[in-house]
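Undergrad: Got a sequence here, can you model it:
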Amino acid sequence: MPIPESPRFLETAARASKPRRHGITHVIDKGTPQAAMEALLDAHSPLIDVWKFGFGTAYVDGTVGAKVELLRSRDVKACPGGTLLEAAWWQGRSEEFFDWAGHLGFGCVEVSRGATGLPASSKRDLIAAACNRGFEVFAEVGSKDPHEAALASEWLDEAKSDLDSGAAWLVAEGRESGTVGLYTADGSVRADLVESLQCLGDDVPVVYEAPLRRQQAWLVNHLGANVNLANIAPEGVLALEALRLGLRSDTLRTGLEARSPGSTSDPLDPCSN
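TA: Modelled structure (predicted):
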């Protein structure tokens, strides 16, 4: 008997399909060559929602225009990293940044404050300016500075301010190292920060930067398969999808418990405990 390409003999977590506001996989790219990027998109573009050109790589990549067009053809949002916009703001070149990003076809921008200590008022101005230019804004909450205290009440206030300024998405800072912002120095999840952002309600799409597998597993186990996850390495997209579906050891037992006879609580629901 031939084996089907998409097997259906196991019970797995239900997943939202594209276009989606919940369950997105937000990739961070540190310089993938165009041919490798095209091969990955050919194989896995239905699993990828946003492709972020990390750091300032979009500015120095001579093929970035072709890559943005490739992403558009695969229904994946293209986004330059927030640090690049911070660099432009620092030099008084924000308008030139928006001109450049729009010319290349970027539909999204990230507005962050983690690299420069961008004042709250300037962050609000950048979000509003980006929205006025027609960009979909990912507003990052938190700082990359490991010495800056991450207080749940301040994160919540910043998130509300970003939304009021026009941000379409909120991004919880975790950096590519997974050791600041949302995480302690050893990479453990700050549950208080997650809970504070959950207070915004189900209609607010919060994207959690989670570069490490144990961080991804914690968020899937506590917030469900359709949690929004960012800073995912391109080569880790398929493994993350298996994690979401409950097919890896980190989430397998949780999924089985959720479906066990007589279960009265949902272990994926942070409010059930």
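Undergrad: so where's the chain shaky on pLDDT?
TA: Scanning the chain for pLDDT under 70 picks out 1-4, 255-273.
Undergrad: Kindly recompute the last result at 50.
TA: 1, 260-273 (pLDDT under 50).
Undergrad: Dead centre of it: give me the residue that sits there.
TA: Centroid-nearest residue in the chain, with CA atoms, centre = their mean: A230, separated by 2.7 Å.
Undergrad: Are we agreed that that residue is in a strand?
TA: Yes. A230 forms part of a strand when assessed by DSSP: H, G, I helix; E, B strand; the rest coil.
Undergrad: Now that it has come up, it's in contact with D29, right?
TA: No. If you go by CB atoms under 8 Å, A230 and D29 don't touch, sitting 11.9 Å apart. The C-beta positions use only the backbone N, C-alpha and C, and glycine is treated the same way.
Undergrad: Need the residues touching each of these two.
TA: By CB atoms under 8 Å, 6 or more residues apart in numbering, A230 and D29 have these common neighbours: K52.
Undergrad: Dig out what the residue nearest to the centre of the chain forms beta bridges with.
TA: Per DSSP bridges, the residues bridged to A230 are H26, E209.
Undergrad: wait, isn't R175 in contact with G181?
TA: Yes. Taking CB under 8 Å as the definition, R175 is a contact partner of G181 at 6.5 Å.
Undergrad: neighbour count winner among the two?
TA: G181 (26 against 19; other CB atoms under 10 Å).
Undergrad: check contacts around the nearest residue to that one once chain neighbours are set aside.
TA: Nearest non-adjacent residue to G181, counting by CB to CB, 6 or more residues apart in numbering: E173, 3.3 Å away. E173 makes contact with S112, G114, E140, V141, G142, S143, K144, V180, G181, L182, E209, according to CB under 8 Å, 6+ apart.
Undergrad: Please identify which helix or strand holds the nearest residue to the second one once chain neighbours are set aside.
TA: Just to be clear, that refers to G114. Nearest in space to G114, with sequence neighbours left out and distances taken as CB to CB, 6+ apart, is K144 at 3.6 Å. Assigned by DSSP states H and E, K144 falls within no helix or strand.
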